[in-house]
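**Q** output the structure for:
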Amino acid sequence: FMLTAITGINWGDEGKGRMVDLLCRDYDIVARYQGGDNAGHTVKNECGKFVLNLVPSGILHPSIVCVMGGGMVIDPEHLEKEIADLREQGVKITPDNLKISDRATITMPFHVEQDGLEEARLAKTGAQFGSTKRGIAYTYGDKYMKKTLRMGDLVHMDAGVRKRLETLVESKNLTMVNIYNQKPVSVDDMWNWCKHFQEVFGAYICDVGQYLADADDAGKKIMFEAQLGALRDIDYGIYPYTTSSNTIGAYAPIGAGIPGRKLNKSIGIMKAYSSCVGDGPFTTELAMTEEEKHLLREAGHEYGAATGRPRRVGPFDEAAVQRHRHMGLLDCNGDVNADAVNFLAHLCAGLFFDALCDSYVEMQTVSRICQAFCKSENVEAQRVVLMICSEYDEMNHPVPEAIWWISGSKLLVPPFIEGFLSYLREYLKELEVM
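**A** Residues are numbered from 1 along each chain as shown. Next up, the predicted model:
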C-alpha cells in the first residue's frame, strides 16, 4: 500500500503518534497534512520518550523522510525549540530528513496573542472553546482572509513580502488595538522575526508537493499522519467545538501536497474508552462518577501532551464510532474495505486500552506493539477494569491481577479483558467496520 493515512476515530488522543512510530518503519516518508503545534503526539520507544507537536512522528527513524505539508500552520518559534529538544535527545534532523512545505501558513506571534485574549474574553461568559491558545484558529482564519504569510515567503523576503506584511499587520492592529486594547504590532519587529527564521529554516523549505509526487511515481511508500480526531474536523466534527482544519483521512493527500493522488489504505486509531481535551459535547462522561473518571484518567495518564491539561474521560462511545463509519473514513477510495480492529491492551501505571484498526497487520507486528506497551506487570486500576467491563457477569468479582502474556505468535489475555474486546469486535462487525 503506497499511500496510507493514520487518522483518529474520535476526539483525538487515540495514540496516533505511537502507531505511526510503530508502523512507519515499513514506509519511506511520513507526512503531516493539517494542524499545528496544538498536536501532542507522545511516542515511547527504545530510544526514550518523545513529545512531538509539529514534527511528524516518523522523525525518530533515521531512514524515513518527514514532510510538513501545505495544510499545516507552523509556528517557526515553536518548531525551532521542538527541533532543538529532539536533537538534545539524540534525534538527527537535517534538510535531508525534514522538508517543510513552502505553502504551509505561518503562525505569527500576534496569532498566539489573539488566541489567548479571545479565549479569556469568552471565558467571562462561559462561552470558551477550550483552545490550546497556540494561535491555530486565528492563523487558519487569516489564511482564508488572505492575510497571512506562508513559509515560502521566508525564502524570498523581498519588497513584495514586506508590503504584504505591512498590510496584514495594519489590518491586525485594528483588532488588537481597538478591540483588545493592546499595543499595536510593530511591522519592523515582525520583519526581523521573519528574517531570523529565514536563516533557521530556509534550507528546509521546498515544494513538497513535487517531492511527494516524484516519490509516489518512484514507488515510495508514504504514510500520512493526522492530528486530532474525526470528531474535531472543522466540517464534519462537533462544530463549533472543533479544530480549525480537516482531520479526516480523505483530506490527507490534499493537505500533504498531492491532491490528485488517492489513498490506498486508511487506518483508524481508537481506544476502548473515550477521552478528549477541550469544551463541547462529550456525553459519555455522564455515565461515570467523578471518582471513577479520576481513576481512569490516572490509570491511562490522560493529560494532554501539548498542554498538560487533564483530559475528560468516559466509557466507550458507540455513537461516536457510528459517526466515524457513516463518514466513510475507513474506506477512502472504494478499493479498500474498512480495516478490521485489533484491540490491544497494555499495562503501565495502570490498565489502558488502545486499538489498532488494521486488517493487514501480521502477528509479528502485533507482538512488537504489545511488547512496546507491556513494560510493567503492576496493576493499579482494578476498579477501572471492573467499571469498564461491568456489564459482563464474569467481571462481577474482584480481579487480583491483569497481565498480558506473549508466547511466540500466540497472545494470551485474561478472560475478563478478552470478553470486553470480543464485545467491541462484535459491535464493530455489526457496523460493517470489520
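**Q** the residue nearest to P259 when sequence neighbours are not counted: which element?
**A** Of all residues not flanking P259 in the chain, P253 sits nearest, at 5.9 Å (Cβ to Cβ, 6 or more residues apart in numbering). (Each C-beta comes from the backbone N, C-alpha and C, glycine too.) Using DSSP states H and E, P253 maps to helix 252-256.
**Q** tell me the contacts of the residue nearest to P259?
**A** Taking Cβ atoms under 8 Å, 6 or more residues apart in numbering, we find P253 in contact with 3, 33, 224, 259-263.
**Q** one step back: what's downstream of the helix holding P253, the next helix or strand?
**A** strand 265-270.
**Q** for the stretch 251-400 of the chain, which spans come out with low pLDDT?
**A** 272, 305-307, 322-400 (pLDDT under 70).
**Q** coming back round to it: how far away is the residue nearest to P259 from R25?
**A** 22 Å (Cβ to Cβ, to the nearest Å).
**Q** and if you look at V185?
**A** 44 Å.
**Q** so between the two, which is more surrounded?
**A** Shown here are V185 and R25; by other Cβ atoms under 10 Å, V185 has more neighbours (20 against 13).
**Q** run a quick check on that one versus N173, I expect a contact.
**A** Yes. Using Cβ atoms under 8 Å, V185 makes contact with N173 at a distance of 5.6 Å.
**Q** center of the protein, which residue is that?
**A** In the chain, the centroid-proximal residue (Cα atoms, centre = their mean) is Q227; its distance is 2.6 Å.
**Q** secondary structure element holding that one?
**A** Element membership for Q227, per DSSP H and E: strand 222-229.
**Q** ditto for K92
**A** Judged by DSSP H and E, K92 forms part of no helix or strand.
**Q** likewise for L86?
**A** Element membership of L86, judged by DSSP H and E, is helix 76-88.
**Q** just the CA trace of that helix, in PDB.
**A** Once non-C-alpha atoms are left out, helix 76-88 reads as follows in PDB (Å, rounded to 0.1, in the frame of the first residue of the first chain):
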ATOM      1  CA  PRO A  76       8.500  28.700  13.500                       C
ATOM      2  CA  GLU A  77       9.400  29.700  17.100                       C
ATOM      3  CA  HIS A  78       7.800  26.600  18.400                       C
ATOM      4  CA  LEU A  79       9.400  24.500  15.700                       C
ATOM      5  CA  GLU A  80      12.800  25.800  16.400                       C
ATOM      6  CA  LYS A  81      12.500  24.800  20.100                       C
ATOM      7  CA  GLU A  82      11.000  21.400  19.300                       C
ATOM      8  CA  ILE A  83      13.800  20.500  16.900                       C
ATOM      9  CA  ALA A  84      16.400  21.700  19.500                       C
ATOM     10  CA  ASP A  85      14.800  19.400  22.100                       C
ATOM     11  CA  LEU A  86      14.700  16.400  19.800                       C
ATOM     12  CA  ARG A  87      18.400  17.000  18.900                       C
ATOM     13  CA  GLU A  88      19.300  17.000  22.600                       C
END
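**Q** buried residues of it, list them for me.
**A** 76-79, 82-83, 86 (16 or more other Cβ atoms under 10 Å).
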